[in-house]
Structures are given as structure tokens and as C-alpha cells.
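Peer 1: fold the following for me, if possible:
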Amino acid sequence: MKLTHLIAIAVIFICTSIAWWLLGGVIMHRTNHVSYQTGDSVSGRWGPPLLQKHPSARYTSSNGSKVMLQPAKSDVQVKLAYQPVKMGLLWHRTYGVQFEGAYTFTNTTAITQTLDIDIELPSGNTLLDKINFTLGTGEKARRSVAAPEQGVITDSVQLAPGESIPVTVSYECRGMDQWRYAFADASRIRDFTLTMNTDFSDVNFPISSPTDRKPAGEGMQLVWKYEDAISAPGIGMEMPRELNAGPVASQISFYAPLSLLLFFMVVIITVISRGVSLHPVNYFFLAAGFFAFPLLFSYMLDVVPVHLSFVIAALASLLLVCGYLRAVAGEFIFRVAVVAQTAYMVLFSYSFFFKGLTGLTLTVGGIVTLGVLMALTAKVDWSQKLGAVSPRLA
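Peer 2: Numbering: from 1, shown residues only. Predicted coordinates for the structure are as follows:
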């Protein structure tokens, strides 16, 4: 092989890599543009990430100061229903939640006190449906009709010394990305239990892990318990991660030069060792066939499901590249190309669908390639094969 041919192949590789990076930038711009346009729309319809704060009560002491009081007992039930919404190339992690909290407040003083019980509701553009705030039980139960002020519903009740009153809060609403439950800083939490039921098993806890968990149908039942805790950590649930086609397509395009580089190395070494002559123009068409894969994949995503788009684009590229090599270089080079392109383009690109596998796939593929090429070319006289490019060593 002539040195000028190697230089021409290098130029083809560099130009193709630049084209891939430009394509990746275009895909990323499209994805970010759609995310910017649809993010507020989805949040407006479904609501933002939801935060429910632990309730509290307060009373006025004999010296006129306000004293904060935490529930003596808390039993919270949360049901999360994952309902993702797709807009453009992006999935938005939306969900519905049913919340019910049963709290008990106790007058721990030696005199009758009037407790102002505050229930802070999730903030933001959040539609709360079927809301219920009830004080007491049985015949003495009273449903509060107080209107929220700045997101807080407040109602008052008079308690004798040592007397307790159960308070129930429930509602349904929708949010996105994550649901959280938070306590006041440095507060003392007694006899607290939160039971969360999900309809998904891919659970992720951004704050604290549950004290107990078990499968429940298609989802999970998770329990957090605090018997007597100070500065108790909050509770949260991240919605499952969806496969967003836009970021995957841009990553495939950005990293495609690695696939082409390995493929070119295999083809060049194989044709030299087999005595097959390929012109730089042949490598230009091979690079174009490789480029067709991410190009077709990225623009099919608007109308075809992501996995089907990947299969169609991969088959089209394999047909172009391997079919062309079979016509130009014969059956043996064709077989090598099928294996090499499947490994370097298809499998490597598909690893982007799984978090954390891309680097491992590339490493294993590179090591296997090195071993195979070393075994196949161990007895090749490279001085004779490369000629003027690599003169024979003394």
C-alpha cells in the first residue's frame, strides 16, 4: 500500500468524523430545543416535582412567644403511579400521587392550649384534587374548610392538658421527575411511619433508603420508620429513567469515529495481508456507508419507535458497506467486514442504550480485535507487504 493512499484514507476518516460531530451537534440542538419548548408545557399540565412538608402545630406560651409542636404520631400512606409522557424525542417522567397522612397532636402542657395546626401543601402550579383536612374522629370529627394562604392550610383546635387530636390530610395530584417528603431542620420526629406503594420496580432514592421493602404486584412497597429521631433525613422517590432517543442518537454520532477507526484498521490490515488492493475511493464509499447509519437513525426517530429505527438504520448501513466490499474485494473480506461492522458499529452503538456499558464494550472490543489481528497476521512479512511505507529492517 502506498503512503499517499494511507494519507488519503486518513483525510477521509477526518472529514467523516467532522461530519459526524456536526450531525451530533444538530441532534443535540434539536433535542434541547424540544426540551425547552415542551418542558414548561408538561410541567404546566402535570405539575412540577412535588414536595410535601411534615405538618406542625403552634401555640402561644404564657410569655407571648410562639412554641412549635411536632405530631406525636404520624402514619403516612403514599401511592405513586408512573405515567410518562413523550413529546418529540423526549420522555417526561410524569406521575400521579395519592397522599394520605394521619397525624396525632398532643397538648403536652399543664394548661389548656389553642393549637394552630399548619398543613403546607405542595407548591407550584399543582392541581390538588379530592383534598380533605379533617380534625378529630367519629362524631367529633370536623372537616376543615379553611382556605390555604401562601400554600398553607391552618385550622385551630382547643386541647385540654394531655389531650390528643387526630388530624387527617389527603389529596390527589400529579407531578414530574420526583416526589419528596421533608421535615423541618433539627426537628424531633417521634413514632413516624411512611408507607409508599409504587407501580414500578425500578426505584431510586435520592435522599434516604427505606427501612423495609418488598415486591407488591408489578411495583414495590417501601416503608420508612423513625421511632425517635432528630434531624431526620427526608424521603424521596425518583421516577424511573426513560430511554430518551435524542441524547442516545447524539452520543452515537459523537462516538461513531471510534467505530470507523477500528473498522478501517481491520479492513486495511486484512486486505494488505491477503494481497487485496483497495483504492482510497473505496474507503470513501465505506465511510459514507458508515455515516448513513447515525444519519438515518436520527431522522427516523420522529416517526418510528427507537429500537425499530436502530434496527432499520443498522441493516441499511450493513447492506451498503458489506455489500459493497463483497462486490469489490471478494467473499473473505466480506465475511470479515460483516463481523467487524456488527461488532464496532451495531453492538458498540447499542451499548448507549444501557447506562455504564459503553466504555466496557469499547474496551472489550478493542482487546478482542487486537488479539484476532495478532493471531491472523503473526506470520505476515510486513516489510514485503507494505513495501516503501515500511522498508525491510536489517
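Peer 1: the host helix or strand of residue 189: which residues count as buried?
Peer 2: Assigned by DSSP states H and E, residue 189 belongs to strand 188-198. By neighbour count with 16 or more other C-beta atoms under 10 Å, strand 188-198 contains the buried residues 189, 192, 193, 194, 195, 196, 197, 198. To be clear about C-beta, it is placed using only N, CA and C from the backbone, and glycine gets the same treatment.
Peer 1: also stretch 285-293?
Peer 2: Applying 16+ other C-beta under 10 Å to stretch 285-293 flags 285, 286, 287, 288, 289, 290, 291, 292, 293 as buried.
Peer 1: any idea how far residue 31 is from residue 253?
Peer 2: Relative to residue 31, residue 253 is positioned 12 Å away (criterion: C-beta to C-beta, to the nearest Å).
Peer 1: now the helix or strand harbouring residue 7: mean pLDDT?
Peer 2: Secondary-structure assignment from DSSP H and E places residue 7 in helix 3-46. Model confidence over helix 3-46, given as mean pLDDT, is 80.
Peer 1: packing partners of it?
Peer 2: strand 85-87, strand 90-92, strand 164-176, helix 245-274, helix 280-300 (3 or more C-beta pairs under 8 Å, 6 or more residues apart in numbering; DSSP states H and E).
Peer 1: sheet-wise, list the partners of the third one with their directions.
Peer 2: To tie it back to what came earlier, the one meant is strand 164-176. strand 94-106 (antiparallel), strand 129-135 (antiparallel) (DSSP bridges).
Peer 1: export those strands to TSV and tack on mean neighbour count?
Peer 2: TSV is the format used below for these (neighbours: other C-beta atoms under 10 Å):
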stretch	mean neighbour count
strand 94-106	19
strand 129-135	15
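Peer 1: nearest to residue 76, of those strands?
Peer 2: Across those, residue 76 has its closest neighbour in strand 94-106 (4.6 Å, C-beta to C-beta).
Peer 1: now the element after the closest one, going C-ward?
Peer 2: Next along from strand 94-106, by DSSP H and E: strand 113-120.
Peer 1: partners of that next one, with directions?
Peer 2: When DSSP bridges is applied, strand 113-120 pairs with strand 56-60 (antiparallel), strand 152-159 (antiparallel).
Peer 1: does residue 353 touch residue 247 like I think?
Peer 2: No. With contact defined as C-beta atoms under 8 Å, residue 353 does not reach residue 247; the gap is 10.8 Å.
Peer 1: and residue 246, how far from residue 90?
Peer 2: Counting by C-beta to C-beta, the gap from residue 246 to residue 90 is 6 Å.
Peer 1: compare these two (neighbour count), which wins?
Peer 2: Neighbour totals were compared for residue 246 and residue 90, and residue 246 leads with 23 against 19 (other C-beta atoms under 10 Å).
Peer 1: pLDDT score for the more buried one?
Peer 2: 81.
Peer 1: more neighbours, residue 253 and residue 31?
Peer 2: Using other C-beta under 10 Å, the more surrounded residue of residue 253 and residue 31 is residue 253, with 26 against 22.
Peer 1: export stretch 208-217 as CSV, just CAs?
Peer 2: In CSV, the C-alpha atoms belonging to stretch 208-217 read as follows (Å, rounded to 0.1, in the frame of the first residue of the first chain):
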residue,chain,number,x,y,z
SER,A,208,-32.6,8.2,52.2
SER,A,209,-33.2,4.4,51.8
PRO,A,210,-36.3,2.7,53.3
THR,A,211,-36.1,0.6,56.4
ASP,A,212,-38.1,-2.1,54.8
ARG,A,213,-39.0,-3.0,51.2
LYS,A,214,-40.8,-5.9,49.4
PRO,A,215,-42.4,-6.5,46.0
ALA,A,216,-46.0,-5.6,45.6
GLY,A,217,-47.6,-6.7,42.3
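Peer 1: take the helices and strands packed on helix 3-46 and lay them out in JSON lines including distance to residue 347.
Peer 2: JSON lines is the format used below for the helices and strands packed on helix 3-46 (distance: least, C-beta to C-beta, whole Å):
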{"stretch": "strand 85-87", "distance to residue 347": "26"}
{"stretch": "strand 90-92", "distance to residue 347": "24"}
{"stretch": "strand 164-176", "distance to residue 347": "34"}
{"stretch": "helix 245-274", "distance to residue 347": "10"}
{"stretch": "helix 280-300", "distance to residue 347": "13"}
